[in-house]
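> dropping a prediction and its sequence here:
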Amino acid sequence: MRAQPVLAVPHLAAFGAVNAYLWKRTGKDRIPVLVYSAALLAMSLAALDSGSPRTAAGGALFLASDTLLALEKFGGLHLPAHEGLVMATYTSAQALLACGAAA
């Protein structure tokens, strides 16, 4: 990532956009949601910086999985097959992260 910091832009943009959208919707959970999303951002950026395409993809999918959960819980977004999308992104993320760590 140090060589190509532009790769971090989608992660940062997603973090900013989701938190801006959820800001008024999270109420008393605003600070915990912000702290947790910052931790997810740090994890996805660390995965991106690992040098492993699998790990980077796993970090991005994990960020996407938890974003879907937050948008449903706080943002009122109800996608068709929501649970399936969450589980698909989550399990794929875990598999990619594990494969990246094992390599």
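Happy to help now that I have it.
> ok, residue 57 - contacts?
Residues in contact with residue 57 (Cβ atoms under 8 Å, 6 or more residues apart in numbering) are residue 96. C-betas here are computed from N, CA, C, even on glycine.
> got phi/psi on it?
Per-residue torsions, residue 57: phi -70, psi -40 (degrees, to the nearest 10).
> and the gap between it and residue 26?
Using Cβ to Cβ, to the nearest Å, we find residue 57 at a distance of 28 Å from residue 26.
> please apply the same query to residue 78.
17 Å.
> tell me which of those two has more neighbours.
residue 26 (18 against 8; other Cβ atoms under 10 Å).
> that one and residue 33: what is the separation?
From residue 26 over to residue 33 (counting by Cβ to Cβ), the distance is 5 Å.
> buried set for the helix or strand containing residue 39?
Assigned by DSSP states H and E, residue 39 belongs to helix 30-48. Of the residues in helix 30-48, 33, 37, 40, 41, 43, 44, 45, 47, 48 count as buried by neighbour count, 16 or more other Cβ atoms under 10 Å.
> name the nearest residue to the spatially most central residue of the chain, ignoring sequence neighbours.
Nearest to the geometric centre of the chain sits residue 63, at 1.1 Å (Cα atoms, centre = their mean). Leaving out its chain neighbours, the residue that sits closest to residue 63 by Cβ to Cβ, 6 or more residues apart in numbering is residue 44, at 4.4 Å.
> does the one you found touch residue 10 like I think?
No: if you go by Cβ atoms under 8 Å, residue 44 and residue 10 don't touch, sitting 9.5 Å apart.
> joint contacts of these two?
Common neighbours of residue 44 and residue 10 (Cβ under 8 Å, 6+ apart) are residue 60.
> thinking again about what came up before, and the buried residues of helix 30-48 as CSV, adding distance to residue 67?
Listed next are the buried residues of helix 30-48 as CSV, based on distance: Cβ to Cβ, whole Å:
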residue, distance to residue 67
33, 11
37, 8
40, 8
41, 11
43, 13
44, 10
45, 15
47, 15
48, 16
